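Undergrad: Need coordinates for the below:
(one chain, ligands or ions: 1)
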Amino acid sequence: MLENKTVYLNGSYLPLPDAKISVLDRGFLFGDGIYEVIPSYYGHLFHLDDHLERLENSLAAIRLANPHSRSEWRQIFTPLLDASQNQYVYLQLTRGVAPKRDHAFPEAIAPTVFAMVSAIVPFAGKHTGIQAVTMDDSRWKLCHAKAITLLANILHRQSAIDQDAAEAILIKDNIVTEGAASNVFVVLDGCLLTPPKGNDILPGITRDVILDLARKNNIQCAEQRISAEQLSLASEVWVTSSTREIIPVVTLDGKPVGAGKPGAVWLEMDAIFQNYKQSLL
Ligand code: PDD
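TA: Below is the predicted model of the structure:
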């Protein structure tokens, strides 16, 4: 049974069960589209401009024109939000419905624009920490674009779940990239490290907020390449995302990380992050 909530599709607000798209949509046929996930805390969209800037970059990476200005996007999302809840906006744009299946871009079609809001359910493993497993990053060279083409990511996540872990930490040429649906931080020799931006990671908004908060709160930090060996020696490992926030990894590949429980730097940063969220309401 589909939830009967209101969603946005191509200019209209309608009940979810009535939101339908053509089987010729290029998102369905080719995974030809991009998406965003934007938290809304009690009706306040978190770092909306940063999410919309990343949206612009993702659209540019796949050569799809942005159909709306930043203020129009805000206007589209606002009626979907509930000021009494923590939610996230899921926004998806595809290249649209082409007259026939052809790999080449179709001429002059309108993109499909879909947005819906879901409750943010506090992540169960947050306070105890989670298990994670490393695996070889099988993805492509456009990981900086938030593409809907997520087959590799879902296979990585499922492989982690099949091993009783909550997240896969991906390694490319012996270097940590990111999680299947998260960015990675480690604490090594007392310094908080995260991989630098590039086309092998999604530039996470949560990641940027954490780096900014660390700098403002005198937590030593750096954007630096992290080898698989450094990952295994880290005293803390975290995975971060808009929907789960900052999650400590307490077991990596079956071995305890640090003392095998959420570390002191995570405790400090999580408190700073929660205060910061509160300050924006
Ligand atoms: N994913 N890296 C990947 C591959 C991701 O899919 C995500 C988030 C992140 C973290 O980005 P941010 O902090 O902006 O959420 C990093 C979202 C939540 C998703 O796919 O549902």
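
Undergrad: quick one, what contacts the closest residue in space to residue 9 that isn't next to it in sequence?
TA: Of all residues not flanking residue 9 in the chain, residue 19 sits nearest, at 4.6 Å (C-beta to C-beta, 6 or more residues apart in numbering). Bear in mind the C-beta positions are built from the backbone N, C-alpha and C, glycine included. Contacts for residue 19 were tallied using C-beta atoms under 8 Å, 6 or more residues apart in numbering; they are 7, 9, 114.

Undergrad: Let me know the pLDDT of residue 245.
TA: With respect to pLDDT, residue 245 has a value of 97.

Undergrad: So in terms of bridging, what pairs with it?
TA: With DSSP bridges applied, residue 245 shows beta-bridge pairing to residue 241.

Undergrad: contacting residues for it?
TA: 123, 126, 206, 270, 273.

Undergrad: wait, which of the contacts of residue 19 is closest to the ligand?
TA: residue 114 (14.5 Å; C-beta to the nearest ligand atom).

Undergrad: how much space between the residue nearest to residue 9 and residue 3?
TA: Residue 19 sits 11 Å away from residue 3, going by C-beta to C-beta, to the nearest Å.

Undergrad: what's the answer for residue 162, then?
TA: 28 Å.

Undergrad: Also residue 206?
TA: 26 Å.

Undergrad: can you give me the helices for the stretch 151-281 of the chain?
TA: Along the stretch 151-281 of the chain, the segments classed as helices by DSSP state H, counting those that start in this stretch run 151-162, 205-216, 228-233, 264-279.

Undergrad: Deepest-packed of these, please.
TA: helix 205-216 (a mean of 18; mean count of other C-beta atoms under 10 Å).

Undergrad: what's that one packed up against?
TA: Under the contact definition 3 or more C-beta pairs under 8 Å, 6 or more residues apart in numbering; DSSP states H and E, helix 205-216 sits against helix 48-61, strand 183-188, strand 191-194, strand 221-223, strand 236-241, strand 245-252, helix 264-279.

Undergrad: Buried residues, the first one. List them.
TA: Within helix 48-61, the residues scored as buried using 16 or more other C-beta atoms under 10 Å are 48, 51-52, 54-55, 58-59.

Undergrad: And the helix or strand just after it, what does it pack against?
TA: Using DSSP states H and E, the helix or strand that follows helix 48-61 towards the C-terminus is helix 70-77. Judged by 3+ C-beta pairs under 8 Å, 6+ apart, helix 70-77 is in contact with helix 48-61, strand 86-94, strand 112-119.

Undergrad: can you redo the ones you listed as JSON lines with distance to the ligand and mean pLDDT?
TA: JSON lines is the format used below for these (distance: least, C-beta to the nearest ligand atom, whole Å; pLDDT from 0 to 100):
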{"stretch": "helix 48-61", "distance to the ligand": "7", "mean pLDDT": "98"}
{"stretch": "strand 86-94", "distance to the ligand": "8", "mean pLDDT": "98"}
{"stretch": "strand 112-119", "distance to the ligand": "10", "mean pLDDT": "98"}
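
Undergrad: how many neighbours does residue 62 have?
TA: Using other C-beta atoms under 10 Å, residue 62 has 19 neighbouring residues.

Undergrad: if I pick it, what's in contact with it?
TA: 32-34, 95, 142, 145, 147.

Undergrad: Please identify which pair of those lies farthest apart.
TA: Comparing every pair within those by C-beta to C-beta identifies 95 and 142 as the most remote, at 15.0 Å.

Undergrad: Looking at these two, which is more packed in?
TA: Neighbours were counted for residue 95 and for residue 142 using other C-beta under 10 Å; residue 95 has more, 23 against 14.

Undergrad: Hmm, the more buried one is touching residue 26, no?
TA: Yes. Counting by C-beta atoms under 8 Å, residue 95 does reach residue 26; the two are 4.4 Å apart.
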